[in-house]
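*Asks:* build me a model:
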Amino acid sequence: MKRTISAMVGKGSVNHNSRKFKAANVDSERTDRNINYCSENIKDVYHELFDGALERYNAKQTRDDRRIEDYYEKIRSGKQEKPFHELILQIGDKDNMGATTENGELAKVILDEYFQHFQERNPTLRVFSAHLHMDEATPHLHIDFVPFTTGSKRGLDTRVSLKQALAALGFKGGTRGMTEWNQWVQ
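*Replies:* Sure, this is the predicted structure:
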C-alpha cells in the first residue's frame, strides 16, 4: 500500500513539542510513547554557534552603535531571519498510519531512523529540539534547528542564514517553486 510522506514548515512551538504545553489533540495516556531526542535552550545554542563570531565582529567596530550586544535578540527582533526553523515529517495520515495501529508503529520506526543521522546529513542546521510524537492521531517528527553559515564576508563571519545553510548543503535557488527549502525537503 502506498503512503505519502509529508514535510511541513512548523511555527516552532518548542513548549508544545516538548509537552510543557499540551494541546487538545494530545492523548496524555500515550505521551510516554513519544521520543524526546533533544531539548536544548536556544540561547545556549546561539552562544555556542555565534559568540566567537560576535566577538570578532564587535572588535572591528569603531562606532558603538554598530556593536551587537545580544545576537539572539538581534535575530529574534529583526525581520530578515527567523531565530530557528521547524521541519515536521509525517508518513501517511490518521486513516492509514494511525498512531495506535501496527502501521503507526512502522511510521515510528521509519521516522526514528530518519532522525538518527539528520545532524550528520545536515551539518549547517544545528538541531536543538527534536521530538517524535505518538500521542496524537498520526506519528510525526518535529525537528527544530538553527540554520547557519560560516565564512561570511559581511556582518558576523558565522551567522544565521537558512538560504546560505542550505546552499552549503548543495541546494541552490531555482524557480519560485523550487527554492532551496523545497529542494532540500524533496
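
*Asks:* for the rest of this, base every contact and every neighbour count on C-alpha atoms.
*Replies:* Will do.

*Asks:* please identify the helix or strand for residue 36.
*Replies:* strand 35-39 (DSSP states H and E).

*Asks:* whoops, I mixed them up, residue 50
*Replies:* With secondary structure defined by DSSP H and E, residue 50 is part of helix 42-60.

*Asks:* tell me which residues in that helix are buried?
*Replies:* Across helix 42-60, burial judged by 16 or more other C-alpha atoms under 10 Å covers 42, 45, 46, 49, 50, 51, 53, 54, 57, 58.

*Asks:* just list what the next helix or strand after that helix packs against, helices and strands only.
*Replies:* Per DSSP H and E, helix 42-60 leads on to helix 71-77 as the next helix or strand towards the C-terminus. Other helices and strands packing on helix 71-77, by 3 or more C-alpha pairs under 8 Å, 6 or more residues apart in numbering; DSSP states H and E, are helix 42-60.

*Asks:* starting at the chain centroid, how far to the helix it packs on?
*Replies:* Averaging C-alpha positions (C-alpha atoms, centre = their mean, to the nearest Å) puts helix 42-60 20 Å from its chain's average.

*Asks:* can you check stretch 108-119 too?
*Replies:* The chain centre lies 14 Å from the centre of stretch 108-119; the measure is C-alpha atoms, centre = their mean.

*Asks:* next one: stretch 137-157
*Replies:* Centroid separation for stretch 137-157 versus its chain: 6 Å, with C-alpha atoms, centre = their mean.

*Asks:* ok so, going back, list the neighbouring strands of the strand holding residue 36 plus their orientation.
*Replies:* strand 125-133 (antiparallel) (DSSP bridges).

*Asks:* what pLDDT does the most centrally placed residue in the chain get?
*Replies:* Nearest to the mean C-alpha position of the chain, counting by C-alpha atoms, centre = their mean, stands residue 144 at 2.5 Å. In this model, residue 144 is scored at 94, pLDDT.

*Asks:* name the element residue 8 belongs to?
*Replies:* strand 5-10.

*Asks:* packing partners for that strand?
*Replies:* strand 85-91.
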